[in-house]
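K.L.:
model the following, please.
(one chain, ligands or ions: 1)
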Amino acid sequence: MQYTLTERFLKYVQVDTQADPTSTTFPSSEKQKNLTNLICEELKQMGITYSQNEAGYIYASIPSNIDKSVPKVFFCSHLDTAPDCSGTDVRPILHHNYQGQDITLPDDNTQVISPRQYPNLLNKIGNDIITASGLTLLGSDDKSGVAIIIDALYQLVNNPEIPHGEVKALLTTDEEIGKGVAKVDLSLLDADFGYTLDSGDLGCFEDENFSANAFKLTIHGVSAHPGYAKGSMENAIKIASEIVAALPKLTLSPETTEAKEGFIHPSKIQGGLETATVDFILRDFETAKLDEYANLIRSTAEDVLLSYPNSSYESEVKVQYRNMKDVLVQHPHVSQIALTAMENVGVTPIYGSIRGGTDGAALSHLGLPCPNLFAGEQAIHSKHEWVSVQDMEKGVDTVLEICRLVAKM
Ligand SMILES: [Zn+2]
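P.N.:
Numbering: from 1, shown residues only. Sure, this is the predicted structure:
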């Protein structure tokens, strides 16, 4: 039995694969493997070589059908869904030939997907739109990408007239909780470069993302009995608060920045009279700016501490992830192939910058350049999540065209 792209997608979204951010296991939730097993069964039926690891990743491989040696390309997406919104008992609904109307979701009619909120719906008139039913997310992030990749593999093995080198697929778990490539084995993947299919609207192409550090500031104050503290107490809570309050607000903050602007974001504060810690995340597209941001926090702390002569601070920086652009600029053909492929299948590329990290960024810095391509997903991590079938079909066309272009290298 073989499936259409739509049938695959509808099947995958009904498997609950919500990641669990509180878990320390791989995968974070055992149920993610239900989708791993289902897809492995499909690959087996297609006669495609695959393996899976203990974390629920799938590695699949299709041999070359040309007689010259070309780079090995991989396509990557993630099987898990976000912890932000329920993924249990997803009931996908296919709205044929969408005509621009509000879509009221039947299991909770207060949930309305409207072009007023999502004007992009008006670009999808005549398309088939898939939504959830009002109680859950849809899981288009990233089961759109999964369905596109599996369907493209199916097309490749059933259409031998499409020339291609070795083509690989990597499906991961726990991307949504930042562990998407924690268990990747690059020798098993055995590829030269690749693409994640985890971006949004038709044509979206992302080759840059934030570079990210964590910064921990620890304040050591001076404790004393509050009844007899005059002239001696230096309250670490107050010192930490003053430092946070003295940092920029109208710039360099998540709530006041967008596009290519970076920020310093206090994400957690805890402590007492004697010791207080503030956890920050530092983000910018220019990796070097992260050091400037760390120094700004340190100099602010030093200024505040001038009023607290017996107190001190220490700081600790941890690297989180890095901008994939730093790698991709050294391999310009990787992005160029994807852009040419899109144009060849009639899709206009829309450049974007990811204000976060991606599996592709991590893979890029592991030596496998990996920009991010559209999978069609919209209003992700919410009950309003939706996707156009025709956009996903263009995703399959783009993947196949990339394979053709790589075969000419
Ligand atoms: Zn995603």
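
K.L.:
which pLDDT value does the model give the residue nearest to the spatial centre of the chain?
P.N.:
When Cα atoms, centre = their mean is applied to the chain, the residue found nearest the centroid is residue 358 (4.2 Å). The model reports residue 358 with a pLDDT of 88.

K.L.:
quick one: secondary structure of residue 45?
P.N.:
Look at residue 45: counting by DSSP: H, G, I helix; E, B strand; the rest coil, its state is helix.

K.L.:
burial count for it?
P.N.:
By the criterion of other Cβ atoms under 10 Å, residue 45 has 12 neighbours. Yep, even glycine has a C-beta here, placed from its N, CA and C like the rest.

K.L.:
can you tell me how far the closest residue to residue 321 other than its chain neighbours is from residue 281?
P.N.:
Distances taken as Cβ to Cβ, 6 or more residues apart in numbering put residue 357 closest to residue 321, at 4.2 Å, once the chain neighbours are dropped. Distance, residue 357 to residue 281, by Cβ to Cβ, to the nearest Å: 11 Å.

K.L.:
who touches both of the two?
P.N.:
212, 320 (Cβ atoms under 8 Å, 6 or more residues apart in numbering).

K.L.:
for the residue nearest to residue 321, which three-state class applies?
P.N.:
Secondary structure, three-state DSSP: residue 357 is coil.

K.L.:
surely residue 128 and residue 97 touch.
P.N.:
Yes - here residue 128 reaches residue 97: they are 6.8 Å apart, a contact under Cβ atoms under 8 Å.

K.L.:
and residue 78, how many residues sit next to it?
P.N.:
Number of residues near residue 78 (other Cβ under 10 Å) recorded here: 28.

K.L.:
which sections of this protein are below the confidence cut-off?
P.N.:
Applying pLDDT under 70 to the chain picks out residues 1.

K.L.:
in stretch 395-409, what's buried?
P.N.:
395-403, 405-407 (16 or more other Cβ atoms under 10 Å).

K.L.:
need those residues in CSV with secondary structure and distance to residue 307, can you?
P.N.:
Output for the buried residues of stretch 395-409, formatted as CSV (DSSP: H, G, I helix; E, B strand; the rest coil; distance: Cβ to Cβ, whole Å):
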residue, secondary structure, distance to residue 307
395, helix, 58
396, helix, 63
397, helix, 64
398, helix, 59
399, helix, 60
400, helix, 65
401, helix, 63
402, helix, 60
403, helix, 64
405, helix, 63
406, helix, 62
407, helix, 68
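
K.L.:
and those residues as JSON lines, adding distance to the ion?
P.N.:
Shown next, in JSON lines, are the buried residues of stretch 395-409 (distance: Cβ to the ion, whole Å):
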{"residue": "395", "distance to the ion": "14"}
{"residue": "396", "distance to the ion": "18"}
{"residue": "397", "distance to the ion": "21"}
{"residue": "398", "distance to the ion": "17"}
{"residue": "399", "distance to the ion": "17"}
{"residue": "400", "distance to the ion": "22"}
{"residue": "401", "distance to the ion": "22"}
{"residue": "402", "distance to the ion": "19"}
{"residue": "403", "distance to the ion": "22"}
{"residue": "405", "distance to the ion": "25"}
{"residue": "406", "distance to the ion": "24"}
{"residue": "407", "distance to the ion": "28"}
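
K.L.:
list the buried residues for the helix or strand hosting residue 141?
P.N.:
Per DSSP states H and E, residue 141 falls inside helix 140-158. Within helix 140-158, the residues that qualify as buried are 140-157, counting by 16+ other Cβ under 10 Å.

K.L.:
also near the ion: which of the residues you listed, exactly?
P.N.:
Within the set of those, contact with the ion (Cβ under 5 Å from the ion) is found for 141-142.

K.L.:
now residue 120: how far from the ion?
P.N.:
Distance, residue 120 to the ion, using Cβ to the ion, to the nearest Å: 18 Å.

K.L.:
to clarify, my last question referred to residue 54.
P.N.:
22 Å.

K.L.:
again, but for residue 51
P.N.:
23 Å.

K.L.:
neighbour count for residue 128 and residue 97, which is higher?
P.N.:
More crowded of residue 128 and residue 97, by other Cβ under 10 Å: residue 128, with 17 against 9.

K.L.:
what are the phi and psi angles of that one?
P.N.:
Here is the backbone geometry of residue 128 (degrees, to the nearest 10): phi -100, psi 120.

K.L.:
could you tell me which residues make contact with the residue nearest to it when sequence neighbours are not counted?
P.N.:
The shortest distance from residue 128 to any non-neighbouring residue, by Cβ to Cβ, 6+ apart, is to residue 389 (4.1 Å). Residues near residue 389 by Cβ under 8 Å, 6+ apart: 5-6, 9, 94, 127-130.
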